[in-house]
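Colleague: 3D model of this:
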Amino acid sequence: MTTTVGNVMTTDVAAVNQNASFHVVAELIIKRGVSGLPVLDDDGRVLGVVTEADLLAKEEFKQQYYGDEYHPPLRSRIRRSFGSEGIGRAKAKGETAGELMTAPAYVTTPRTRVVEAARRMDRHGVKRLPVVDADGKLVGIVSRRDLLKVFLRLDADIERQMLEAIPRYAVWADPARLDVDVDDGVLTLSGRVHRHSEAIALAGMAENLDGVVAVRTKLTWEHDDVADTPVWGGA
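Modeller: Numbers count the residues shown, from 1 in each chain. Got it, this is the predicted structure:
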């Protein structure tokens, strides 16, 4: 079993149309207790995401509209140094979700593996990803908290999956000579294999199982083919 976004995503999604007013967006964020909302076109396709930070730009730059002397906080000065203050000013003037949102949105699909979704969140520095179908229409949302659900798998399920995977992906390994134990997501491999490279492959297989927190290897081998492999290099 490979856990996908569809297995952990939330389908009851709070979202707004691109023409929704500032007040409607703010009210929905507060009412639903979320930090951001997908913004949709009239056909339900995801255009962007509007967050609390997008709304707060209006408060942050408000003083300038009244001629008051404004001393931006450090965060704003850093943002200006990277050339994005203009974006903040534009959002401060926004009145609708479409004008306030950050676009385009980083999205994912129900069939995407959770590990790939986690990497995308980390790469783009976001806390959530709208989940879309083949037409780009919203079908759910997945947050960092949702991705953590993969680590709640039962130890017995992980152990069973590992034992089932050995003969299917590693015909050279005899399951009868191996022992697999899982405790709080930590998988321990014990037993004896023919070659050192087989032990390495088994450990890699275990690390790729959904829900595995760590892998401990206590395997021994009859032939150290790794040590016998020549290291090629140039002078």
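Colleague: mind checking which helix or strand the spatially most central residue of the chain is in?
Modeller: By C-alpha atoms, centre = their mean, the chain has its centre lying nearest to A118, at 2.1 Å. Taking DSSP states H and E as the definition, A118 sits inside helix 114-124.
Colleague: and the contacts of that helix?
Modeller: 3-5, 7-8, 106, 108, 127-129, 142, 144, 147, 150, 210 (C-beta atoms under 8 Å, 6 or more residues apart in numbering). C-beta here means a position set from N, CA and C on the backbone, and glycine is covered the same way.
Colleague: give me that answer again for 7 Å
Modeller: By C-beta atoms under 7 Å, 6 or more residues apart in numbering, the residues outside helix 114-124 that reach it are 3-5, 8, 106, 108, 127, 129, 142, 144, 147, 150.
Colleague: quick revisit: and the gap between the residue nearest to the centre of the chain and E99?
Modeller: Note on A118: its distance to E99, by C-beta to C-beta, to the nearest Å, is 31 Å.
Colleague: one more: V212?
Modeller: Distance, V212 to E99, using C-beta to C-beta: 45 Å.
Colleague: who's more crowded, these two?
Modeller: V212 (19 against 16; other C-beta atoms under 10 Å).
Colleague: three-state assignment of the more buried one?
Modeller: coil (DSSP: H, G, I helix; E, B strand; the rest coil).
Colleague: surely it meets G185?
Modeller: Yes - using C-beta atoms under 7 Å, V212 is in contact with G185, at 6.1 Å.
Colleague: quick check: next helix or strand after the helix or strand that contains G48?
Modeller: G48 belongs to strand 46-51 when assigned by DSSP H and E. Of the helices and strands lying after strand 46-51 in sequence (DSSP H and E), the nearest is helix 52-60.
Colleague: good, wrapping up.
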